[in-house]
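S.K.: Next come a sequence and a model predicted from it.
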Amino acid sequence: MNITLRQLNAFINVAETGSFTRASDKMHLTQSAVSGLIKELESNLEVLLFDRTTRQLSLSVVGYHLLPQARRVLNEMTLFENEASSLTSLAQGKVKLAVSQFAASSMPAVIAQFAKQYPNINVTLLDCSAEHVLQHIENIEVDLGVGVELAEVEEDDNLSADLLYELPFCVVVPEEHRLANFAEVTWSDLLGEPLITLNGPFIDHVTLELTEDIALQIKNAPYKVNFMSTALEMTRQGFGVTLCLPYMPEVIDWVSANKLVLKPLSEPVKLRKFYIYQRSSRALSPASMTFKDFLQRYFEDYFTELSQLHLLPS
């Protein structure tokens, strides 16, 4: 059975107008073309849809019962076309995003900027651990994930990763601190300083490739907190100095407004990479693709600004 939408449309128009002539005018087809479509449909169904006489054309009993079904099919198709058109033109859409700790801190500002350009695309945010970002993508609970580099991605053909940005580790100190006037701050310059660090895997990534003395000092820092905002406030209050990633313009603005100084660390320059993750076998919706492109442009512009502030390694 090979029923087409043109055949159903002809059936509905002939039934509603009661005439092949009027139906052909409405469909902008010849009368013979409309008649041909009805004959094809009747042949496919192996039924007569109309009772024909020399003076009158009327629905058969079968045609009477099938007409509502034909209308329903065409209505559903119209809804399908409208929905597809809306999504393709970005008139509406939804994006589900999973983000890890540092990415979660930066995303609200990004989403707010995105909403100004695309007010009809709804972006929902799920903050979680870095490992759970991949899990949510695997389970198709989200469209995109943003988080730190993870070795598991290289071993999983179902996941793909695009580099979003990489950030240098920096130190934040009060304006009056001795390191604030250093042209360049090295990791060894932190020896003897009271440190404020973050709990969790942050420490492990910080201490990789550092000399044993500074690595031990970081691991044994007197202050360990869960949020960067807490670490920055403690630095402002004089508890010590903190390690930081300049992950958002708001961080730099807050540091400057509160008489703190942000200095990139060298010898060695240590970078933390962040990626956009998605499921390889699943095509992104137009809305998700648009958000991904926006995200990449947003951070590209931000890192141009960081370079001008000499906060990125040359």
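M.R.: Nice, I can see it.

S.K.: pLDDT wise, what is residue 308 at?
M.R.: pLDDT, residue 308: 65.

S.K.: For the residue in the chain sticking out farthest from the centre, what are phi and psi?
M.R.: For the chain, the C-alpha lying farthest from the average C-alpha position belongs to residue 54; by C-alpha atoms, centre = their mean, that distance is 63.3 Å. When read as degrees, to the nearest 10, the backbone of residue 54 gives phi -70, psi -20.

S.K.: how about the helix or strand hosting residue 44: buried residues?
M.R.: For residue 44, the enclosing helix or strand under DSSP states H and E is helix 31-45. Buried positions in helix 31-45, judged by neighbour count with 16 or more other C-beta atoms under 10 Å: 34-35, 37-38, 40-42, 45. Glycine gets a C-beta too; all of them are placed from N, C-alpha and C.

S.K.: List the strands paired with the next helix or strand after it, with their directions.
M.R.: Moving toward the C-terminus from helix 31-45, the next helix or strand (DSSP H and E) is strand 50-52. For strand 50-52, sheet partners with direction are given as strand 57-59 (antiparallel), following DSSP bridges.

S.K.: Determine how far the strand it pairs with lies from the middle of the whole chain.
M.R.: On the basis of C-alpha atoms, centre = their mean, to the nearest Å, the separation between the geometric centre of strand 57-59 and that of its chain is 54 Å.

S.K.: pLDDT (mean, whole number) over it?
M.R.: Summarised as a single mean, pLDDT over strand 57-59 is 93.

S.K.: Then stretch 193-203?
M.R.: For stretch 193-203, mean pLDDT rounds to 85.

S.K.: Endpoints of it, how far apart?
M.R.: From its first residue to its last, stretch 193-203 covers 16 Å (C-alpha to C-alpha, to the nearest Å).

S.K.: how far out from the middle of the chain is it?
M.R.: On the basis of C-alpha atoms, centre = their mean, stretch 193-203 is displaced by 30 Å from the centre of the chain it belongs to.

S.K.: List the buried residues of it.
M.R.: Of the residues in stretch 193-203, those scored as buried under the neighbour-count criterion (16+ other C-beta under 10 Å) are 193, 195-198, 202-203.

S.K.: how far away is residue 63 from residue 210?
M.R.: Applying C-beta to C-beta, to the nearest Å, one obtains 82 Å for the distance of residue 63 from residue 210.

S.K.: So what touches stretch 187-201?
M.R.: Among residues not part of stretch 187-201, those counted as contacts by C-beta atoms under 8 Å, 6 or more residues apart in numbering are 101, 130, 171, 179, 182, 203, 206, 210-211, 213-214, 217-218, 221-228, 231, 234-235, 239-243, 265-268.

S.K.: how far out from the middle of the chain is that stretch?
M.R.: Relative to the centre of its chain, stretch 187-201 is centred 34 Å away, using C-alpha atoms, centre = their mean.
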